[in-house]
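Q: A predicted structure for the sequence below; I have some questions about it.
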Amino acid sequence: MKKHLIIFLTLIFISGCATTRRYAIPKDQPPERMTLTLTGYCECGICCGWKRNWRFQPVYAYGPSKGKPKEIGITSSGTRAVRGTIAADTHLFPYGTIFNIPGYGWGRVEDTGGAIKGRHIDLFFDSHQEALEWGRQKKQVLIWKPRR
């Protein structure tokens, strides 16, 4: 029995299906349930809209900041993107909104994206391959918005 438990816990750890980050969920605030479109992204130029200039420095590939220096892996809120980082429409889900997503785990809104509007969130993955494998899904998630 003990051997099976160790194998099970090892598989969960290796599979990466659950985030290890911890978030403070208010005990007196029930979660909101909502069905959302979920996509994946990583810090690569394809997902985040950057390329390298002639000096091999990362710069924005398009938009109002085109050609300006880009710090890779830093979110719009200023944090480093790691598994559990979520990009969302901050008009609907403000920074700090916490999600529990089946098959992904816990996450918090710390980023935005040009194509992320309405009931669509983008989940950060450690590799482009993982983001592609996640694809585009619709799932019911639990949401805790920050108190204002």
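A: Noted; the coordinates are in hand. All figures in this text were calculated on a predicted structure; none of them were measured in a lab.

Q: I'd like the next helix or strand past the helix or strand bottoming out on mean pLDDT in the chain.
A: Every helix and strand in the chain was compared by mean pLDDT, DSSP states H and E; the lowest is helix 2-15, with a mean of 42. Next helix or strand after helix 2-15 toward the C-terminus (DSSP states H and E): strand 32-41.

Q: Quick check: neighbours of that next one in the sheet, parallel or antiparallel?
A: Partners of strand 32-41 in the sheet, by DSSP bridges, are strand 120-124 (parallel), strand 136-144 (antiparallel).

Q: R22: which of these is closest?
A: R22 lies closest to strand 136-144 among the strands paired with strand 32-41, at 13.3 Å (CB to CB). For glycine as for every other residue, the C-beta is placed from the backbone atoms N, C-alpha and C.

Q: which residues are contacting that closest one?
A: For strand 136-144, the external contacting residues (CB atoms under 8 Å, 6 or more residues apart in numbering) are 25-26, 29, 31-39, 93, 97-103.

Q: Repeat the analysis, applying 7 Å as the threshold.
A: Strand 136-144 is contacted from outside by 25-26, 29, 31-39, 97-102, using CB atoms under 7 Å, 6 or more residues apart in numbering.

Q: Could you point out which residue ranges in the protein have low pLDDT?
A: Residue ranges of the chain with pLDDT under 70: 1-21.

Q: so how many other residues sit close to the nearest residue to S127 once chain neighbours are set aside?
A: Spatial nearest neighbour of S127, chain neighbours left out: C42 (5.8 Å); criterion: CB to CB, 6 or more residues apart in numbering. A count of nearby residues for C42, using other CB atoms under 10 Å, gives 19.

Q: List the residues that contact C42.
A: Applying CB under 7 Å, 6+ apart, the residues contacting C42 are 124-128, 131.

Q: Among these, the buried ones, what's the PyMOL command?
A: What follows is the PyMOL syntax selecting those of these that are buried according to 16 or more other CB atoms under 10 Å:
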select buried, resi 124+125+128+131
